[in-house]
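Undergrad: no sequence on hand, only this structure:
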C-alpha cells in the first residue's frame, strides 16, 4: 500500500509540493497516470492524429500494469538524465536573475476536470500566471534551436505536446520554454495555450482512457476465468532482496 502524499486542492487541480522529480514519492504520485511528457505516445505531434502503434500499445500496458500493481518499475538513470538535473538548476537560476523569480516547490500537478486525471511536472512556477519548462540540450540541438526557433518565437516540435499539456493541466496563461546547453547562450521562448492542440490532447487522452478501462476489464475477466487453474499469485521481490 502506497502512502497518501500531501497535496493542495484547487478546484479540480492538485498541487504536490516539495516532490523531487525522480524520487520515490514523485513516482508514487504519477503512478498509473497519463502525463505531459508521455503524451507523444498517444498523439502524433505533427498531425495531431491519435496514435495506434507499438509505442502507444506499450504505454497503455505500462500504465495498466501500474494501476493494477500500484508499482513503478525502476528505470536506468543515464548520464543525460544526471546532467539534465544539474542543468535545470542552473537554468532556473539564470532565468530568475534575468526575468522573474521562479518558485520550484511544486514537483507535480494533476487535474481531473475531464473525468480522468492528467499529470504534469513543472520545472517552476512564475508568479500566478506563468511557469517554465527547462530542457538540457546537447550542443548540436542548442545551435539548431537558436537558429531555427529563437528568432521566429517557436519551440522545437518534439516538445509542443508536453508544453501544451502542461498549460492545460495547470491552467496557466503562459509557459517559458528554456533551452539550455552549458557553454552556449540560453534561449527562452514564450508559449501560450493553443486551443487546437489542447482539444486534440483531451480527445486523445479520452480515447486512451477508454482503452485502458477495456483492458482492465479484460484482465479481471482473465483472472476470474482461470482462477484456481493456470493463474497463480506471486509476491514481488525488490532488487535489494534479490542480491542479499
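TA: Received it, and whenever you're ready, just let me know what you need. Nothing here was measured: the structure is a model prediction, and the numbers come from that model.
Undergrad: switch to C-alpha atoms for all contacts and neighbour counts from now on
TA: Noted.
Undergrad: now for residue 40, how many residues are close by?
TA: Residues near residue 40, counting by other CA atoms under 10 Å, number 21.
Undergrad: oh, I was asking about residue 96
TA: Residue 96: 14 neighbours (other CA under 10 Å).
Undergrad: so where does it fall, helix or strand?
TA: helix 79-98 (DSSP states H and E).
Undergrad: give me the contact list for that helix.
TA: Applying CA atoms under 8 Å, 6 or more residues apart in numbering, the external contacts of helix 79-98 come out as 101, 102, 123, 124, 134, 135, 136, 178, 180, 181, 182, 186.
Undergrad: across the sheet, point out what pairs with the fourth one.
TA: Under DSSP bridges, the beta-bridge partners of residue 124 are residue 132.
Undergrad: ok, back up a step: mind checking which of the contacts of helix 79-98 land in helices?
TA: Among the contacts of helix 79-98, no member is found in helices (DSSP state H).
Undergrad: buried only: go through those residues for me.
TA: 101, 102, 123, 124, 134, 135, 136, 178, 180, 181, 186 (16 or more other CA atoms under 10 Å).
Undergrad: and for the first one, nearest residue in space, chain neighbours not counted?
TA: Counting by CA to CA, 6 or more residues apart in numbering, residue 126 is the residue found nearest to residue 101 once chain neighbours are left out, at 6.5 Å.
Undergrad: give me phi/psi at that neighbour?
TA: Here is the backbone geometry of residue 126 (degrees, to the nearest 10): phi -120, psi 110.
Undergrad: residues contacting it?
TA: Neighbours of residue 126 in contact, by CA under 8 Å, 6+ apart: 100, 101, 102, 103, 132.
Undergrad: how about residue 124?
TA: 92, 102, 103, 104, 105, 106, 131, 132, 133.
Undergrad: measure the fifth one to residue 29 for me?
TA: Here the distance between residue 105 and residue 29 works out to 15 Å (CA to CA, to the nearest Å).
Undergrad: please say which of these two ends up with more neighbours.
TA: Using other CA under 10 Å, the more surrounded residue of residue 105 and residue 29 is residue 29, with 22 against 16.
Undergrad: quick check: which ranges of this structure have low pLDDT?
TA: For the chain, the stretches flagged by pLDDT under 70 are 1-3, 76-77, 79, 81, 226-229, 239-244.
Undergrad: by contact count, what packs against the longest helix along it?
TA: Counting residues, the longest helix found in the chain (DSSP H) is helix 195-226. The helices and strands touching helix 195-226, judged by 3 or more CA pairs under 8 Å, 6 or more residues apart in numbering; DSSP states H and E, are helix 54-69, helix 160-170.
Undergrad: since that was my last question, I'll sign off now.
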